[in-house]
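> sequence? don't have it. structure:
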């Protein structure tokens, strides 16, 4: 009996323990989006964006239909197969091409579709003269805008207009005892073959090295966009260590420095700094003839950078992320402006290969005291989450968890600065927050890496791109409401493989019977989709030693 159930509402149910489950997963991964991955049955969904991603990666409707029919336990609903074929057939009926005399053009293999989109008010300002019945001129600067507009109309264009090579610059991967892992090499090859697009890899699986691999393939000047200055310096350190690039070839463009070099690493923060209504630093995009642009943590791309990226469609672009989940729903903009998903590796698959640590995820439920419950009940709606996230009851449980893991490298992560300052004081641990200077941040991170510090309290400035391989325990006390991407990034802080093979521990301390509990459920969705099951334990039952806490029914 087969392991997949294909349903008419476009959901696919995969029986995980079935002997054919791995083969089936590989077959459907290119086109089906994983929605939930609890213990026994994983739920995938067919979406237009997922099917168009598959078309962009070279898969056709016949392969998709064959995968569904081969692995389905029951007959696949005929209407669903028709819908798959027709949805995928929409991709590529419109193509952006380089014309020998007219420059950039939009060409159609289906004239009624061209007539339909040319009547759209979204498209009309972006096109020029009609060249013939199947072709219309497009101004090169509108290449990104028209792709966005067409995607929203349900007719995604295949961009075959090619890329400029940019200014050449020699970059080789260093060959001193390391090599790209097989999945990293595959990610680089898929990206290069496609020309532009997104690589999705778990935190700790070496996205920076995929970026380095792409740079060594492009052998061109490169602009790298990152989340913060600490991340910029980590990128520089890795590139100097792992490639033929020298210190002097890699520049930092941040609040502290404004260096433009053959490889320049800029922060999203400096690029989105606004003065008198303009973004002066966006000129960095035009400051050199870049051959490659790397977007680290592409799921965080701010609106002004999206807007400027629309003008950069002639440059090769690679986006790196652990999750394409965007709480604002702009995944389609990532698809149209950065490119389709070129590579995606499930977290548990990378864990099984030993490249990231296994993790035990525990939600610790805390009872508020009677006075705290009364204060919460009477708080204004917009104050309720802050109040229940920062109660003294939570602080006491967090202190108990830190004591329980004494001697292990522990991160305490939260959202509210006054809460973190108080925890830092009670735990006698330093606090890293927004106003901590970069030099002090790096000093504290180094002390944590060396083991000189075993407990570090961090705000959301440490959510992204901070490499702390020694961190074994993370305790989350508060977060950005129900952000799934933040939950994934925070777990990622402890997923670097441990020298002793030890598993990571991720605690989320949650106030029972409050909005904190509701937000926690939403935050955990992405990780549950990746196969991480949260155990729920009651704070009152936490043991004092290092034995396992019991589950709560």
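Arrived safely. Please read all numbers here as calculations on a predicted model, not as lab measurements.

> was I right about residue 387 contacting residue 379?
Yes. With contacts counted by C-beta atoms under 8 Å, residue 387 reaches residue 379, the gap being 5.0 Å. Every residue, glycine included, has its C-beta placed from N, CA and C.

> Looking at those two, which one has more neighbours?
Set residue 387 next to residue 379 and count neighbours by other C-beta atoms under 10 Å: residue 387 wins out with 19 against 14.

> Shouldn't the more buried one be within a strand?
No. Using DSSP: H, G, I helix; E, B strand; the rest coil, the assignment for residue 387 is helix, not a strand.

> Before we move on, what's the pLDDT of it?
What the model reports as pLDDT for residue 387 is 90.

> what's the overlap in contacts for residue 387 and residue 379?
Shared contacts of residue 387 and residue 379, defined by C-beta atoms under 8 Å, 6 or more residues apart in numbering, are absent.

> Let's verify residue 150: helix, strand, or coil?
Here residue 150 is helix, with the state taken from three-state DSSP.

> what about it, distance to residue 214?
Separation of residue 150 from residue 214 (C-beta to C-beta, to the nearest Å): 27 Å.

> go on, residue 24?
From residue 24 to residue 214 the distance is 30 Å (C-beta to C-beta).

> now do residue 121
Distance, residue 121 to residue 214, by C-beta to C-beta: 38 Å.

> cool, and residue 495?
Using C-beta to C-beta, residue 495 is found at 22 Å from residue 214.

> More neighbours: which of these two?
Using other C-beta under 10 Å as the criterion, residue 495 and residue 214 rank with residue 495 on top: 26 against 23.

> Assign a three-state SS to the more buried one, would you?
coil.

> Pull the number of nearby residues for the residue lying closest to it once chain neighbours are set aside.
Closest residue to residue 495 apart from its sequence neighbours, by C-beta to C-beta, 6 or more residues apart in numbering: residue 204 at 3.9 Å. Using other C-beta under 10 Å, residue 204 has 24 neighbouring residues.

> Just confirm residue 204 is within a strand.
No. Per three-state DSSP, residue 204 lies outside any strand segment and is coil.

> per-residue pLDDT, it?
Residue 204 is given a pLDDT of 82.

> so it sits right up against residue 489, yeah?
No. When contacts are counted by C-beta under 8 Å, residue 204 is not listed as touching residue 489 (10.7 Å).

> Start and end of stretch 119-126, how far apart?
Length of stretch 119-126, first residue to last, C-alpha to C-alpha, to the nearest Å: 12 Å.

> Ok, stretch 292-310 next?
15 Å.

> Stretch 276-283 now?
15 Å.

> Tell me, how many residues neighbour residue 374?
Around residue 374 there are 11 residues (other C-beta under 10 Å).

> Quick check: pLDDT value at it.
pLDDT for residue 374: 93.

> can you check the one 10 residues further on too?
Per-residue pLDDT puts residue 384 at 88.

> residues touching it, list them.
By C-beta under 8 Å, 6+ apart, the contact set of residue 384 is 376, 514-515.

> what about it, helix or strand, and which?
helix 381-389 (DSSP states H and E).

> Tell me the buried residues in the helix or strand following that helix?
Using DSSP H and E, the helix or strand that follows helix 381-389 in sequence is helix 392-404. Buried residues in helix 392-404, defined by neighbour count with 16 or more other C-beta atoms under 10 Å: 393-395, 397-398, 401-402, 404.

> Equivalent analysis for stretch 172-192, please.
Buried-residue list, stretch 172-192, by 16+ other C-beta under 10 Å: 173-174, 180-181, 183-184, 186-192.

> Any chance of JSON lines for those, columns secondary structure?
Rendered in JSON lines, the data for these read as follows (three-state DSSP):
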{"residue": "173", "secondary structure": "strand"}
{"residue": "174", "secondary structure": "coil"}
{"residue": "180", "secondary structure": "coil"}
{"residue": "181", "secondary structure": "coil"}
{"residue": "183", "secondary structure": "helix"}
{"residue": "184", "secondary structure": "helix"}
{"residue": "186", "secondary structure": "helix"}
{"residue": "187", "secondary structure": "helix"}
{"residue": "188", "secondary structure": "helix"}
{"residue": "189", "secondary structure": "helix"}
{"residue": "190", "secondary structure": "helix"}
{"residue": "191", "secondary structure": "helix"}
{"residue": "192", "secondary structure": "helix"}
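
> and of these, the nearest to residue 237?
residue 174 (13.1 Å; C-beta to C-beta).

> quick one: that closest one from residue 243, how far?
In terms of C-beta to C-beta, residue 174 sits 6 Å off from residue 243.

> next one: residue 229
Counting by C-beta to C-beta - residue 229 and residue 243 are separated by 21 Å.

> Next: residue 197.
In terms of C-beta to C-beta, residue 197 sits 22 Å off from residue 243.

> Helix or strand: which one has the nearest residue to residue 409 once chain neighbours are set aside?
Using C-beta to C-beta, 6+ apart and skipping the chain neighbours, the partner closest in space to residue 409 is residue 470 (4.6 Å). Here residue 470, judged by DSSP H and E, is contained in no helix and no strand.

> For the remainder of this discussion, apply numbering that starts at 10.
That works, and once the first residue is 10, the last one we named lands at residue 479.

> what sits against residue 479?
418, 457-458, 460, 505.

> could you pull out the strands for the stretch 160-309 of the chain?
For the stretch 160-309 of the chain, strands defined by DSSP state E, counting those that start in this stretch occupy the ranges 167-168, 206-209, 231-235, 259-262, 272-276, 301-305.

> Poorly predicted segments of the stretch 160-309 of the chain, please.
Along the stretch 160-309 of the chain, the model assigns pLDDT under 70 to no residue.

> in stretch 21-40, what counts as buried?
Buried positions in stretch 21-40, judged by neighbour count with 16+ other C-beta under 10 Å: 21, 23-24, 27, 29-30, 33-34, 36-40.

> Residues contacting it, please?
Stretch 21-40 is contacted by residues 11-16, 41, 46, 48-55, 59-60, 62-63, 66, 68, 73, 76-77, 79-80, 353, 355 when judged by C-beta under 8 Å, 6+ apart.

> at 6 Å instead, please
By C-beta atoms under 6 Å, 6 or more residues apart in numbering, the surrounding residues in contact with stretch 21-40 are 12-15, 41, 49-51, 53, 59-60, 63, 68, 73, 76, 80.

> Please name whichever of these scores lowest on pLDDT.
Lowest in pLDDT among the contacts of stretch 21-40 is residue 49, which has 83.

> pLDDT score for the closest residue in space to that residue that isn't next to it in sequence?
Closest residue in space to residue 49, ignoring its immediate chain neighbours: residue 25 at 5.7 Å, by C-beta to C-beta, 6+ apart. What the model reports as pLDDT for residue 25 is 85.

> Distance check, residue 25 against residue 192.
Counting by C-beta to C-beta, the gap from residue 25 to residue 192 is 21 Å.

> All the helices of the stretch 460-562 of the chain, in order from the start?
493-501, 524-532, 534-538 (DSSP state H, counting those that start in this stretch).

> Return the most buried member of the ones you listed.
When the helices of the stretch 460-562 of the chain are scored by mean count of other C-beta atoms under 10 Å, the highest mean neighbour count falls to helix 493-501 (a mean of 25).

> Which other helices and strands does it contact?
In terms of contacts (3 or more C-beta pairs under 6 Å, 6 or more residues apart in numbering; DSSP states H and E), helix 493-501 is packed against helix 534-538.

> Tell me the helices and strands packed up against the helix it packs on.
helix 493-501.

> Can you name the residues in contact with the helix it packs on?
Applying C-beta under 6 Å, 6+ apart, the external contacts of helix 493-501 come out as 212-213, 308, 331-332, 334, 422, 472-473, 485, 488-489, 515, 532, 534-536.

> List only buried entries from those.
212-213, 308, 331-332, 334, 422, 472-473, 485, 488, 515, 532, 534-536.

> Mind picking the one among the residues you listed that's closest to residue 144?
Comparing these against residue 144 with C-beta to C-beta places residue 308 closest, at 35.6 Å.
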